[in-house]
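A.B. asks: My questions concern the predicted model and sequence given below.
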Amino acid sequence: MAYFLGLDSSTQSLSALVIDTAEGRVVVDESVNFGKDLPAYGSPQGVLPNPDPKVHHSDPLMWVEALDLLLSRVRASGFDWSKIAGISGAGQQHGSVYLKEPLRDAGRWRTGKPLVDQVRPLLSFQSSPMWMDSSTTEECREIAAAAGGRERVLGLSGSIPIERFTGPQIRKLWKTQPEVYQKTAEIHLVSSFMASLLTGGSAAIDLGDAAGMNLLELSTGRWNSSLLEATAPGLAAKLQPPVASHTRVGNVAPYFVERYGFRSGVPVFAFTGDNPSSLVGMGAVSPGTRLFSLGTSDTVFAAMDGPRTDPNGYGHVFGNPAGGFMSLICFTNGSLAREQVAKRFGLDWAQFTAAIAATPPGNNNNLLFPFFTGETTPRVAEGVELFGSESFVAWKEPAQAVRAVVETQALSMRRFSEWIGHTPKQLVLTGGAARNAGIQRIIADVFQCPVRTLRVGNASALGGALRAAQAAGAAPWKELFAAFVALDSNVHVQPDPQTKSVYEQLGRSFDEKLSVRLARSR
Ligand code: XUL
């Protein structure tokens with residue numbers, strides 16, 4: 001049997017991808033969209049509405065119901081779940097689920113009743129704080145103070161205390177709703193929660209995703225007692241010890257065997273975060289390839305040969321599911337900013353691309369700080385700024401503004417990924433904006449490095465299926481990557497060496513203007 005299932009519980013959807021390792025093909029690629037398929041949860045974008053713009057929570061029962069819906073949908077399409085030999089997957093990072101009793105004591109799910117009705121009474125907190133939440137600045141400060149400073153937290157956990165990370169979110173729950181925190185017996189990440197649903201027991205958090213909590217000590221792979229204590233009292237008892245990503249956390253629960261026809265005893269391997277999973281799904285588990293995921297926000301990540309940390313405190317270090325570590329840098333104003341500029345001039349995507357082609361590299365030194373919303377990297381408050389010619393600064397040059405937003409983003413990505421250390425041999429782009437030829441060209445030239453794109457879209461779900469296959473011993477990484485991680489042969493953008501000095505000069509100008517902005521925001 002050579003079929004492996006990868007699940008990806010992301011912000012807006014739950015996806016299933018099944019690979020056939022004997023034939024080297026993807027046989028199922030299906031998703032449930034929370035907004036469209038589960039409208040009763042009132043979360044069109046996967047997030048519950050909240051009057052406070054900093055608060056972002058989701059309903060964990062939506063994820064539970066999505067799992068039943070997805071499995072039945074795939075079965076209805078004619079797929080036979082008994083072919084699956086191993087399961088793993090991923091979840092949006094940092095989000096947390098709070099349970100009244102440990103799932104290991106909850107017994108097996110009963111087959112006759114939908115999962116959502118069985119999980120509902122187990123929740124101690126009805127909603128899940130998720131990665132878009134930025135309401136814990138005060139808690140971040142308190143954790144830093146109690147744990148010996150931001151730098152110490154950075155050195156231990158790979159990140160300074162970060163608003164969306166799980167530790168500060170747990171602290172906020174303890175402070176604001178102590179009775180809820182008290183009655184919580186077990187805390188899960190989205191990833192370990194989804195794995196727990198599948199096994200009907202308590203699946204442990206893997207090292208890849210655990211690193212996004214501000215609680216893990218990277219050098220030992222264990223929860224750090226001073227970080228636990230700085231976060232909330234009694235926290236150690238609510239978390240299981242983290243495990244290596246290839247760990248078998250259980251077998252598929254009888255519920256899924258009886259209801260959907262899975263074979264009994266099929267292993268479930270630890271789920272991880274969507275970014276660590278994408279590292280696997282993009283075949284980049286060794287240093288050399290730098291990955292750019294261009295979505296609502298842009299992320300830049302890469303495997304690392306050691307746990308180096310960002311001296312600026314902007315970037316993060318997570319676990320690499322194939323062993324070792326990975327870096328991740330999140331730029332909040334990604335497509336969000338590109339779309340704002342296009343909207344301002346009424347440009348569609350084709351006109352946006354044409355605008356890049358119509359302007360020269362370096363853009364006559366015009367720059368545009370794209371901070372349409374508060375930015376994570378660098379940490380600056382909302383506020384767009386333009387620098388350059390008079391008409392450009394007055395927003396009268398649409399084509400130059402388009403080039404300026406993309407060039408400034410690329411310069412920022414270059415500047416703030418320097419700490420990763422190694423010089424990449426290739427850059428691989430994924431996400432909606434990755435197909436844009438103008439963006440590919442600018443990134444290749446700014447980094448002076450070849451740009452490629454991927455053929456398969458859902459790198460995180462694919463990463464889950466590949467991790468299940470590797471952990472089950474079906475094939476080594478090398479063979480799996482050769483069979484499933486295909487770069488698009490039509491996209492091979494070589495950097496233009498003549499632009500090197502142009503972008504060195506523009507980079508210096510970017511650094512100068514940014515240091516003024518950072519000094520102002522201090
Ligand atoms: C990473 C992060 C996001 C989520 C998206 O730190 O917050 O990329 O993982 O699902």
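C.D. replies: The structure has been received and is ready for your questions.

A.B. asks: of all of the stretch 151-300 of the chain, which residue lies closest to the ligand?
C.D. replies: Nearest to the ligand, among the residues of the stretch 151-300 of the chain, is D274, at 4.6 Å (CB to the nearest ligand atom). For the C-beta atoms, the positions are set from N, CA and C on the backbone; glycine is no exception.

A.B. asks: dump the residue contacts of that residue.
C.D. replies: 8, 10, 90-93, 460 (CB atoms under 8 Å, 6 or more residues apart in numbering).

A.B. asks: For whichever strand or helix holds M62, which helices and strands make contact with it?
C.D. replies: Per DSSP states H and E: M62 is located in helix 60-76. Applying 3 or more CB pairs under 8 Å, 6 or more residues apart in numbering; DSSP states H and E, we find helix 60-76 packed against strand 3-9, strand 13-20, strand 25-33, helix 34-37, helix 115-119, helix 190-199, helix 254-260.

A.B. asks: Show me which positions of the fifth one end up buried.
C.D. replies: Neighbour-count burial for helix 115-119, with 16 or more other CB atoms under 10 Å as criterion, is recorded at 115-116, 118-119.

A.B. asks: so how far is the following helix or strand past it from its chain's centroid?
C.D. replies: Under the assignment DSSP H and E, the closest C-terminal helix or strand after helix 115-119 is strand 128-129. The chain centroid and the centroid of strand 128-129 are separated by 16 Å, computed with CA atoms, centre = their mean, to the nearest Å.

A.B. asks: Neighbours of K100, how many?
C.D. replies: 15 (other CB atoms under 10 Å).

A.B. asks: What separation do you get for it and G288?
C.D. replies: 46 Å (CB to CB, to the nearest Å).

A.B. asks: go on, F369?
C.D. replies: 31 Å.

A.B. asks: more neighbours, these two?
C.D. replies: Using other CB under 10 Å, the more surrounded residue of F369 and G288 is F369, with 24 against 12.

A.B. asks: Tell me the confidence at the nearest residue to that one once chain neighbours are set aside?
C.D. replies: Spatial nearest neighbour of F369, chain neighbours left out: E385 (4.2 Å); criterion: CB to CB, 6 or more residues apart in numbering. Note on E385: pLDDT of 97.

A.B. asks: among the contacts of D274, which are within reach of the ligand?
C.D. replies: Residues of these in contact with the ligand (CB under 6 Å from any ligand atom): 10, 92-93.

A.B. asks: Next one: N312 from the ligand, what distance?
C.D. replies: Counting by CB to the nearest ligand atom, to the nearest Å, the gap from N312 to the ligand is 16 Å.

A.B. asks: Spit out the contact partners of that residue.
C.D. replies: 378, 416, 419.

A.B. asks: For the residue nearest to the last one when sequence neighbours are not counted, which three-state class applies?
C.D. replies: Read it as W419. Distance criterion CB to CB, 6+ apart; nearest residue to W419, sequence neighbours excluded, is D310 at 4.6 Å. Put simply, D310 is coil when judged by DSSP: H, G, I helix; E, B strand; the rest coil.

A.B. asks: residues contacting D310?
C.D. replies: Neighbours of D310 in contact, by CB under 8 Å, 6+ apart: 154, 316, 327, 329, 416, 419.

A.B. asks: My reading is that V285 lies in a helix. Confirm?
C.D. replies: No - counting by three-state DSSP, V285 is not part of a helix but coil.

A.B. asks: Where does pLDDT dip in this protein?
C.D. replies: Low-confidence segments of the chain, defined by pLDDT under 70, are located at 1.

A.B. asks: try 80 this time
C.D. replies: 1, 104-108, 296, 456-457, 521-522 (pLDDT under 80).

A.B. asks: Quickly check the buried residues of helix 115-119 for the two that are furthest apart.
C.D. replies: Farthest-apart pair in the buried residues of helix 115-119 is V116 and Q118; separation 7.4 Å (CB to CB).

A.B. asks: what phi and what psi does the backbone show at the residue nearest to W419?
C.D. replies: Dihedral pair for D310: phi -80, psi 110, per degrees, to the nearest 10.

A.B. asks: Might you enumerate the residues of the stretch 51-200 of the chain proximal to the ligand?
C.D. replies: So far as CB under 6 Å from any ligand atom goes, the stretch 51-200 of the chain lies against the ligand at 92-94, 131, 164.

A.B. asks: mind running it again at 8 Å?
C.D. replies: 91-94, 131-132, 164 (CB under 8 Å from any ligand atom).

A.B. asks: In CSV, list the residues you listed along with neighbour count and secondary structure.
C.D. replies: CSV is the format used below for these (neighbours: other CB atoms under 10 Å; DSSP: H, G, I helix; E, B strand; the rest coil):
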residue, neighbour count, secondary structure
G91, 31, strand
Q92, 25, coil
Q93, 28, coil
H94, 25, coil
W131, 25, coil
M132, 22, coil
R164, 21, coil
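
A.B. asks: closest point of the stretch 101-250 of the chain to the ligand, which residue?
C.D. replies: Counting by CB to the nearest ligand atom, the stretch 101-250 of the chain gets nearest the ligand through W131, at 3.6 Å.

A.B. asks: Cool, thanks, signing off.
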